[in-house]
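Q: Using only what follows, build the 3D model:
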Amino acid sequence: DRYFQGRGYGSQALQIIITELKKRPDCSLVKLSIDPGNVYAEGLYRKLGFEKTGEIVEGEEVMCLYFNKD
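A: Down below sits the predicted model:
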């Protein structure tokens, strides 16, 4: 909801999801897509470690977060 945007809820929720996914031995990355030009979403995902892959899927730019599996 637009009334709750910009308060950090999305970032906190994504951090929790990422933490849980990192615990899975079969999960080495997370991919998502964003509308081109959505600088707010891109900034949020970049802060969490996502990088653009150069891929375009159905008109959206793909971003990926790779987990280091040592």
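
Q: Mind naming the longest helix for the chain?
A: For the chain, the helix with the greatest residue count under DSSP state H is helix 9-22.

Q: what's the spacing between Leu65 and Ile34?
A: Relative to Ile34, Leu65 is positioned 13 Å away (Cβ to Cβ, to the nearest Å). The C-beta positions use only the backbone N, C-alpha and C, and glycine is treated the same way.

Q: Quickly list what's touching both of the two.
A: Here Leu65 and Ile34 share the contacting residues Tyr45, scored by Cβ atoms under 8 Å, 6 or more residues apart in numbering.

Q: At the geometric centre of the protein, which residue sits there?
A: Centroid-nearest residue in the chain, with Cα atoms, centre = their mean: Tyr45, separated by 4.4 Å.

Q: thinking that residue is in contact with Lys31, fair?
A: No - between Tyr45 and Lys31 there is no contact under Cβ atoms under 8 Å: 10.7 Å.

Q: Am I right that Lys31 is in a strand?
A: Yes - counting by DSSP: H, G, I helix; E, B strand; the rest coil, Lys31 is part of a strand.
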